[in-house]
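S.K.: Could you look at this predicted model? Sequence included:
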Number of protein chains: 2
Amino acid sequence: MPSRQTDTLRLRRVGIDTYRENVAYMHRECVFYRAEGFQALTKIEVKANGKRIYAVLNVVDDEHIVAADELGLSEQAFDQLGLAPGEAVSVSQAEAPASMDAVRRKIAGERLRLADFRAITQDVINNRYSKMEMAAFLVASGQNNLDREEILHLTRAMLESGERLDWHEPLVVDKHCIGGIPGNRTTMLIVPIVAAHGMMMPKTSSRAITSPSGTADTMEVLAQVELTPRRLRELVRKERACLAWGGTARLAPADDILISVERPLGIDSQGQMIASILSKKLAAGSTHLLLDIPVGPTAKVRHMREALQLRKLFEYTGDRVGLHLEVIITDGAQPVGRGIGPVLETRDVMQVLRNDPQAPQDLRQKALRLAGRILEFDPDVRGGYGYSIARDILDSGRALAKMEAIIAAQGAQTEAFTPGRLQFEVCADRDGVVTVVDNFHIGKIARLAGAPMDKGAGVDLLKKLGDAVRAGEPLYRVHAEYRSDYHFAKVYSEHQSGYTIGEPGQVTKTYLEF
Amino acid sequence: MPSRQTDTLRLRRVGIDTYRENVAYMHRECVFYRAEGFQALTKIEVKANGKRIYAVLNVVDDEHIVAADELGLSEQAFDQLGLAPGEAVSVSQAEAPASMDAVRRKIAGERLRLADFRAITQDVINNRYSKMEMAAFLVASGQNNLDREEILHLTRAMLESGERLDWHEPLVVDKHCIGGIPGNRTTMLIVPIVAAHGMMMPKTSSRAITSPSGTADTMEVLAQVELTPRRLRELVRKERACLAWGGTARLAPADDILISVERPLGIDSQGQMIASILSKKLAAGSTHLLLDIPVGPTAKVRHMREALQLRKLFEYTGDRVGLHLEVIITDGAQPVGRGIGPVLETRDVMQVLRNDPQAPQDLRQKALRLAGRILEFDPDVRGGYGYSIARDILDSGRALAKMEAIIAAQGAQTEAFTPGRLQFEVCADRDGVVTVVDNFHIGKIARLAGAPMDKGAGVDLLKKLGDAVRAGEPLYRVHAEYRSDYHFAKVYSEHQSGYTIGEPGQVTKTYLEF
């Protein structure tokens, strides 16, 4: 009588990168394949030496990839298991993660408790969830399906899922924008201003996923942004600040994994967004956070009442997890500054830092206002005086000097990037004033032109809301580095320029002045 | 200036079976990999010769799998593209499927229209949807999130997604049980009875996914069930019936793909279930359908009001897609018959067909009632007379003869299966009567014992609801073929026997007598 449990397979590393999805490769002739009733895409458990990982099964018909007595693992799965090739591993069908019960209860409309969210995040970071199980959780907790207690539970559970930095300082500040506004590079101005004042601001940012550029993509035009956690710590001790990519830290890892499913799905979840932002900031050791919610007809948040509701949820959650949080609702009617795409945005930022009279004033003003509010986190700064302190730091050149110090500390970029050489202009089709500049379409054109992968690609806005134009006058210039991208962007812009020219009374209403 | 569009890669078949998920393999040094900004798990479009498929990208670091100038495709993806190895293919980033907009609208709580469901099913069968996108659709349309108009639209869209058989007969009957009751093998009795009467019943069934056996698994103990569409047609012309596996046909393919995500997620969706069942039956050419909804405390449907609501939805949809549909609500308080698992169920079925006095009477009665209702689809059968006609056909041996003819026509099974040799009994812990037989736990024990993969594995019920027992008297016997399965089933049954012994007044109420 055969006994299945004593059998093992020899471990093999298969040189295939499957990103955040563990894959196991088993030959079709392998005894386990038929005996256990596995199918391709079955989730299996691989065990050896007290270690265990979960992986999705692919069945192999080629002995060069794996032999019948071997179990292959994709690169990430192999690293996770952490054993040498050739070691004996056993495999079995993985039970569905226990916390899927909670997900099914959520789908059925139940409220979940802290223990449920803890179990879910734990199973997620242990790779127990398949992509589709994560999608089920995200959709079930999508839209406004989480109430504020649940958002708080999720934030706590995500925070507990990873490491937490401690800077051993009473005041560690951060800012975050919920996004949706191309060219909104205030972070690269706020960090040097605030750090020049002496506040600690260890800023890590993301790369673009759906936008034409993330702060990390733009900063990379000037300096190295992929720093080891150790170098990052040294640098922050020395300069009080950094402008780095946040991808190397293992902070709130459950959030990183869930985002890898949420982004491609393009689904919005208020609760997931709040928990994601706050758990990340807390894990990074921030004590104070300024949160920017742009509102506008083509922004992520389209109505003031929505922005206010979001503000309350952030405040409620922030207060209960011990983060000093201020929310500022800003004008998201159009892109900020002129350039969109890494090189063009860098030009705008440096013009502001250098007090160049050509510098885009909207970018300068917004950065000063936000920096001012952050400076007021300092108990020694009198309420209302932050803005003028920020302006003094910028005007005096101290912000520029701090930026140069940060660039030198991170390692100046050796490559000199320039705007993409292939260019075309999109022109007004009539006399009038600019009444609409659509954030979405302009962002899309910049991406089609190659941003953020091609640093020089993007859109340079020559006219903004309310500007008078004559027929044939250029509205914006598109830069690309490759002919195919140039072509894609051109075809799209002919179809959807993102600009509307009309009468002065029709200019998109600014939702608020601040 | 480089132009990306003229470049192509040489096609290669990679011997990896990724089931219903197309995977493309690209070497990390491939020019496209960096140039296009692909990442592992990016969805890409592969084109050549006017053909196009979509696949998820895996990045390869091993030249034995693919070289830098090659594009590898998993077996199914390669077959789908249908080109020879070495042919030139071009790749690009796939846009998210356009119908994901409709999915996002559904998540936001909107009602979808027929055109939306058509676009979704079309994108699903064209492999445009990733597993997680399908999960998003399923969760968004899960529970009772589809209203009856949407269920009708989804049914139509699924039906249109594939081929549709036409038997060129006015009356093609089918039956379907929504499941959840182990041992419920009435189909293997109904088909020979109905076919002996001369009605056409080309029955295709599924294999078990979460249950201890599907009709196809059990029938396979007696005959071949994996028949080509052509042999199936010949056989039905000759015998008026078949008892085959339905997996070979390409009927309602969108449903097959969605089910491959829905089942492992374990989420329930009333709308998906109704659309799935009805579109499959219509595509198989059925004109009349008898639908069995078992109700019981451990069945899928637990309350009569739920069963009635489900019945209305089936009727509403059936009427509008032109399927003559009768719903029968049956007693789902406990398993049907004695045996659970392919061999043991076959024994029960053959005992009934042979009019063996040992035959389980509940299985016989249920099969006769259902067969009787199907016979009444025949305009020549007077209402209320179906049952007695069915009984005459069974008692006279004509049903047995028809079953033998079907077995011979499909090809009798050459292997003689027997009940698993490893056995143990689970006994009553006190004197009393059986008050609960839990469908879920009994099914789970049969699966742990090895059913349906090991034909002889399963559970043989020796006592049923209301039976008097003495302490130590066996309640059921478990059969396994492998020691590990024996062990798993034993441990589980010690923890959860699935039986409760109590007083006569406590016997689980039968929800209805029919």
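M.R.: Arrived safely.
S.K.: now the spatially most central residue of chain A, nearest residue through space, not along the chain?
M.R.: With the centre of chain A defined as its mean C-alpha position, the nearest residue by CA atoms, centre = their mean is residue A:206, 4.2 Å away. The spatial neighbour of residue A:206 that comes closest, neighbours along the chain excluded (CB to CB, 6 or more residues apart in numbering or on different chains), is residue A:214 at 4.9 Å. Any C-beta I mention is one placed from the backbone N, CA and C, and that applies to glycine too.
S.K.: Phi, psi for that neighbour please.
M.R.: phi -100, psi 160 (degrees, to the nearest 10).
S.K.: quick one, what contacts it?
M.R.: When contacts are counted by CB atoms under 8 Å, 6 or more residues apart in numbering or on different chains, residue A:214 is found next to A:205, A:206, A:207, A:208, A:452.
S.K.: okay, these in JSON lines with pLDDT, distance to residue A:154 and secondary structure next?
M.R.: Rendered in JSON lines, the data for the contacts of residue A:214 read as follows (pLDDT from 0 to 100; distance: CB to CB, whole Å; DSSP: H, G, I helix; E, B strand; the rest coil):
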{"residue": "A:205", "pLDDT": "89", "distance to residue A:154": "23", "secondary structure": "strand"}
{"residue": "A:206", "pLDDT": "83", "distance to residue A:154": "20", "secondary structure": "coil"}
{"residue": "A:207", "pLDDT": "83", "distance to residue A:154": "24", "secondary structure": "coil"}
{"residue": "A:208", "pLDDT": "83", "distance to residue A:154": "25", "secondary structure": "coil"}
{"residue": "A:452", "pLDDT": "91", "distance to residue A:154": "29", "secondary structure": "coil"}
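S.K.: is chain B contacted by the top strand by length along chain A?
M.R.: Longest strand in chain A by number of residues, with DSSP state E as the criterion: strand A:51-60. Yes - using CB under 8 Å from any CB of the partner chain, strand A:51-60 reaches chain B at A:58, A:59, A:60.
S.K.: right, and the second one touches residue B:17 too?
M.R.: Read it as residue A:59. Yes - under the criterion of CB atoms under 8 Å, residue A:59 is in contact with residue B:17, at a separation of 3.9 Å.
S.K.: ok, back up a step: so the residue nearest to the centre of chain A sits right up against residue A:246, yeah?
M.R.: Yes - the pair residue A:206 / residue A:246 is scored as a contact, 6.0 Å apart, by CB under 8 Å.
S.K.: so what sits against both of those two?
M.R.: Both residue A:206 and residue A:246 are contacted by residue A:216, under the criterion CB under 8 Å, 6+ apart.
S.K.: Sort out which one of the residues of strand A:51-60 next to chain B lies nearest residue A:117 for me.
M.R.: The nearest member of these to residue A:117, counting by CB to CB, is residue A:58 at 31.6 Å.
S.K.: Residue B:481 versus the closest one, what's the distance?
M.R.: Computed as CB to CB, to the nearest Å, the residue A:58 to residue B:481 distance reads 27 Å.
S.K.: Residue A:55 too?
M.R.: The span separating residue A:55 from residue B:481 equals 27 Å under the rule CB to CB.
S.K.: And for residue A:306?
M.R.: 61 Å.
S.K.: Those two - which one has more neighbours?
M.R.: Between residue A:306 and residue B:481, counted using other CB atoms under 10 Å in any protein chain shown, the more crowded position is residue B:481 (21 against 14).
S.K.: thought that one was touching residue B:453?
M.R.: No - Residue B:481 lies out of contact with residue B:453 (CB under 8 Å); the separation is 9.2 Å.
S.K.: so can I have JSON lines of the residues of strand A:51-60 next to chain B showing pLDDT and neighbour count?
M.R.: Written out in JSON lines, the entries for those read as follows (pLDDT from 0 to 100; neighbours: other CB atoms under 10 Å in any protein chain shown):
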{"residue": "A:58", "pLDDT": "91", "neighbour count": "29"}
{"residue": "A:59", "pLDDT": "91", "neighbour count": "24"}
{"residue": "A:60", "pLDDT": "93", "neighbour count": "28"}
